[in-house]
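Trainee: here is the input, now give the coordinates:
(chains A and B)
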Number of protein chains: 2
Amino acid sequence: MSHDTSEAGWSPQGPVLELSDQASWDLLASKNFGHLALSNAVRPDIFPVNYYCDKETILFRTASGSKLHEITENIHVAFEVDAHTPDNVWSVVAQGLAAVLNGDHPVTAQALEALPDWVPVESFMYISIKPHTIRGRLFENHLKIGHA
Amino acid sequence: MSHDTSEAGWSPQGPVLELSDQASWDLLASKNFGHLALSNAVRPDIFPVNYYCDKETILFRTASGSKLHEITENIHVAFEVDAHTPDNVWSVVAQGLAAVLNGDHPVTAQALEALPDWVPVESFMYISIKPHTIRGRLFENHLKIGHA
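Mentor: Here you go, the predicted model:
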């Protein structure tokens, strides 16, 4: 993992390092579970999703439910991924536009392999996010993880 | 942990159980690291935060930065907490209104104890969230965790 940092600062929890865009993308591409934030009529919502990240594009599946509905109402989304180690917590947030994939943008075999098995019970679609901004932060062992 | 469930369904990842409000609150109160979603001019954003939950109120600290700014622009927020076990993944999402705490609503000693140590470098405030809705879901071992 790259610890390339562009700026140091403080958070309410303690020291925080601002990561470079490349370090942030590398971290985002290293995981496959994240948090999707949508906003419908100024009311934000969050959904946990499995995703696949390749070439600075985030891909995930969604059932024909609230997530998809809210994305068609407002394509601006934020996507967050974090991980905890004994020494630190990192968090990467990407903001950008979501789009429903169609046949013109087929899902690659690599992405299909990375995403969880599909249970063929209801219809679903592939959504891509192309972020215009990415923000990565490393919290140095000051975010308490576990039970309060 | 309660597995009291009110409804069963399916997600793109596999079976999902809808948890009762009480089970959802119990899970939310059992952790102290979550994800805050804000929306400023219909653009959602996400922040990882340490929090304390008591009596169906979520409490956290924030520095005088972007989080606080966006909360004063739009007090509608969503707050998500999840955890992974070998058998399942659960996620609880609470939606409600955020407020900056003042002297009329002092922070309890128990909350101060639960929140991480403060490093006295910049100013901060306490924010409370009083959710009007809560949604808990249990994904039965179909969300892959780890590296893609």
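Trainee: residue ranges for the helices of chain A, please.
Mentor: Defined through DSSP state H, the helices belonging to chain A, from first to last, are A:21-29, A:66-73, A:109-114.
Trainee: chain A: strands as residue ranges?
Mentor: In chain A, the segments counted as strands under DSSP state E are A:5-11, A:14-19, A:33-40, A:43-50, A:52-54, A:57-63, A:76-84, A:89-100, A:124-139.
Trainee: compare the mean pLDDT across these and name the weakest.
Mentor: Per-segment mean pLDDT for the strands of chain A reaches its minimum on strand A:5-11, at a mean of 49.
Trainee: hmm, back to that, okay, the strands of chain A in CSV with mean neighbour count and distance to residue B:19 next?
Mentor: C-beta here means a position set from N, CA and C on the backbone, and glycine is covered the same way. Compiled in CSV, the strands of chain A are given as follows (neighbours: other Cβ atoms under 10 Å in any protein chain shown; distance: least, Cβ to Cβ, whole Å):
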stretch, mean neighbour count, distance to residue B:19
strand A:5-11, 15, 31
strand A:14-19, 19, 33
strand A:33-40, 24, 18
strand A:43-50, 24, 14
strand A:52-54, 21, 27
strand A:57-63, 21, 18
strand A:76-84, 22, 22
strand A:89-100, 21, 25
strand A:124-139, 19, 22
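Trainee: mean pLDDT for the helices of chain A: which is lowest?
Mentor: Comparing mean pLDDT over the helices of chain A, the weakest stretch is helix A:66-73, at a mean of 73.
Trainee: if we can go back for a sec, mind checking which of the strands of chain A is nearest residue B:94?
Mentor: Between residue B:94 and the strands of chain A, the tightest spacing by Cβ to Cβ is seen for strand A:43-50, at 9.4 Å.
Trainee: out of the helices of chain A, which is closest to residue A:99?
Mentor: Ranking these by distance to residue A:99, with Cβ to Cβ as the measure, places helix A:66-73 first at 8.6 Å.
Trainee: show me what contacts residue A:91?
Mentor: With contacts taken as Cβ atoms under 8 Å, 6 or more residues apart in numbering or on different chains, residue A:91 has the following neighbours: A:80-82, A:136-137, A:139, B:48.
Trainee: which among the residues you listed gets closest to residue A:106?
Mentor: Comparing every one of these with residue A:106 (Cβ to Cβ), the shortest separation belongs to residue A:81, at 24.6 Å.
Trainee: ok so, going back, export the contacts of residue A:91 to JSON lines and tack on distance to residue B:25?
Mentor: Compiled in JSON lines, the contacts of residue A:91 are given as follows (distance: Cβ to Cβ, whole Å):
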{"residue": "A:80", "distance to residue B:25": "23"}
{"residue": "A:81", "distance to residue B:25": "26"}
{"residue": "A:82", "distance to residue B:25": "23"}
{"residue": "A:136", "distance to residue B:25": "32"}
{"residue": "A:137", "distance to residue B:25": "29"}
{"residue": "A:139", "distance to residue B:25": "27"}
{"residue": "B:48", "distance to residue B:25": "21"}
